[in-house]
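A.B. asks: Below are the sequence and a predicted model for it; my questions follow.
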Amino acid sequence: FKRLLSAMPDTEECVLVNTGDAFHADNAAGVSTRSGHSFDLDGRHGKWIDVGYMLMRMFTDLCLKKYKRVEFVNVPGNHDDVLGRTIGSLIEHVYSNNPRVTVQKGNNPFQYVHKENVLLGFAHGHTCKLPSLPGKMADDMYKLWGNSTYRHWITGHVHHKSWIQFKEHPGCKVETVGIIPPKD
């Protein structure tokens, strides 16, 4: 993360995003409450929660060293609905007295950030098919859509990286970024 951050441009602010499934599961059994699927886990429930929280704080602290403002966007995944949402609460509470940090905790599966002529959308990717995301953005944020030149979605959910621009929506790109856990 330090190497990646050092390669980032020197701007005034950054957007730090958890695209979901950071914990890969919501319970010590490692079984999905949605589907009953079993997930590969370390087995030490308390330990991997501590490490997950520590990593999110480390990422935020490192961003604060480089940037004047940090916007933390939390998007819980389909494997960690509950624990994933707690990441947003953790960052909000830890940095509640720091005016340089703003937090979107993850109350909505679709989060948006607007900066000048750029509109960014963030979703885990399990609640809406990728081709539908540009229309979702245009519907949810119709005023900002009209005032933006660049529109871009970033999703997690998949265990590989892909880049897609839809012909039906040439003004919006949709990108999926691989999540941390490998395939089970």
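C.D. replies: Received, thanks. Residues are numbered from 1 along each chain as shown.
A.B. asks: for the protein, where's the lowest mean pLDDT among helices and strands?
C.D. replies: Every helix and strand in the chain was compared by mean pLDDT, DSSP states H and E; the lowest is strand 162-165, with a mean of 60.
A.B. asks: Are we agreed that Leu16 is in a strand?
C.D. replies: Yes: according to DSSP: H, G, I helix; E, B strand; the rest coil, Leu16 belongs to a strand.
A.B. asks: what about it, how many neighbours?
C.D. replies: Other residues within reach of Leu16, judged by other C-beta atoms under 10 Å, total 20. For every residue, glycine as well, the C-beta is placed using N, CA and C.
A.B. asks: Quick check: it vs Ile87, distance?
C.D. replies: 11 Å (C-beta to C-beta, to the nearest Å).
A.B. asks: if I pick Gly106, what's in contact with it?
C.D. replies: By C-beta atoms under 8 Å, 6 or more residues apart in numbering, the residues touching Gly106 are Asn18, Asn74, Val75, Pro76, Gly84, Arg85, Ile87, Gly88.
A.B. asks: Which of the residues you listed sits closest to Gly125?
C.D. replies: Distance to Gly125 across the contacts of Gly106 (C-beta to C-beta) is lowest for Val75, with 8.9 Å.
A.B. asks: What is the burial count for the closest one?
C.D. replies: 28.
A.B. asks: Same check on Met54?
C.D. replies: 10.
A.B. asks: what about Leu62, which helix or strand?
C.D. replies: Element membership for Leu62, per DSSP states H and E: helix 45-66.
A.B. asks: now that helix, how far from the centre of its chain.
C.D. replies: 14 Å (C-alpha atoms, centre = their mean, to the nearest Å).
A.B. asks: Who are the packing partners of that helix?
C.D. replies: The contact analysis (3 or more C-beta pairs under 8 Å, 6 or more residues apart in numbering; DSSP states H and E) places helix 45-66 against helix 2-7, strand 13-18, strand 69-74, helix 81-94.
A.B. asks: Return the distance of the first one from the chain's centre.
C.D. replies: Per C-alpha atoms, centre = their mean, the displacement of helix 2-7 from the mean C-alpha position of its chain is 18 Å.
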